[in-house]
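Novice: Quick check, what structure comes out for this input:
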Amino acid sequence: MDNGQLGGVVFLDIRKAFDSIDHTILLQKMNDQFGIKNVELDWFKSYLTNREQACIVNGAMSSPKTIVCGVPQGSILGPLLFLLYINDLPECLEKTSPHLYADDTQIYTSAKTIEELTENLNNDLKKVGKEFDSDQSLNSSMALELQSW
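Specialist: As a prediction, this is how the structure comes out:
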């Protein structure tokens, strides 16, 4: 901004970020991108899969249901596993830079004109939308078109 450019940022609301993690995709990324293999990968697979949950309402407990995605709530590993899951997000960005912290994600950039700024943010925002589209985790209420005002 010191050089006379405009700055812009988009704050992404990733719906149910920790609940929407696909175990198969996460484990594949851990293996392929981070070199987590063999016993260590088996430990994470055991940690993530075959979990069940039930609800108690008015003293009556529901039948247990198997959890097929997500990470255990309140776990110290939850934010770390989520970051491993979205770590490749920056690869789809061309004109913006990301800031990733747990499920709080922003993309930002600068440009000489509001039109250029809007175009750069929109183009990369659409790419982010495609990345998250497979598991519908990007909040659908988020506007995918920014407008200059």
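Novice: Tell me if residue 130 really is in a strand.
Specialist: No: when DSSP: H, G, I helix; E, B strand; the rest coil is applied, residue 130 is found to be helix, with no strand at that position.
Novice: count of residues packed around it?
Specialist: Residue 130 sits with 10 neighbouring residues when counted by other CB atoms under 10 Å. All C-beta spots, glycine's among them, are computed from the backbone N, C-alpha and C.
Novice: In terms of pLDDT, where does it sit?
Specialist: In this prediction, residue 130 carries a pLDDT score of 80.
Novice: Nearest spatial neighbour of it, chain-adjacent residues omitted?
Specialist: Nearest non-adjacent residue to residue 130, counting by CB to CB, 6 or more residues apart in numbering: residue 92, 7.5 Å away.
Novice: Contact partners for that neighbour?
Specialist: 124, 127-128, 130-131 (CB atoms under 8 Å, 6 or more residues apart in numbering).
Novice: Please apply the same query to residue 8.
Specialist: So residue 8 contacts 108-111, 117-118, 120-121, 146 (CB under 8 Å, 6+ apart).
Novice: what kind of secondary structure is residue 63 in?
Specialist: Secondary structure, three-state DSSP: residue 63 is coil.
Novice: residues near it, how many?
Specialist: 7.
Novice: one step back: next one: phi and psi at the residue nearest to residue 130?
Specialist: With angles defined as degrees, to the nearest 10, residue 92 sits at phi -90, psi -10.
Novice: And the pLDDT for it?
Specialist: For residue 92, the pLDDT comes out at 88.
Novice: what do you get for residue 86?
Specialist: Confidence at residue 86, expressed as pLDDT, is 86.
Novice: Look up how far residue 124 lies from residue 33.
Specialist: Separation of residue 33 from residue 124 (CB to CB, to the nearest Å): 21 Å.
Novice: Can you give me the separation between the nearest residue to residue 23 once chain neighbours are set aside and residue 75?
Specialist: Leaving aside its chain neighbours, residue 23 sits nearest to residue 48 (4.8 Å; criterion: CB to CB, 6+ apart). As judged by CB to CB, residue 48 and residue 75 stand 10 Å apart.
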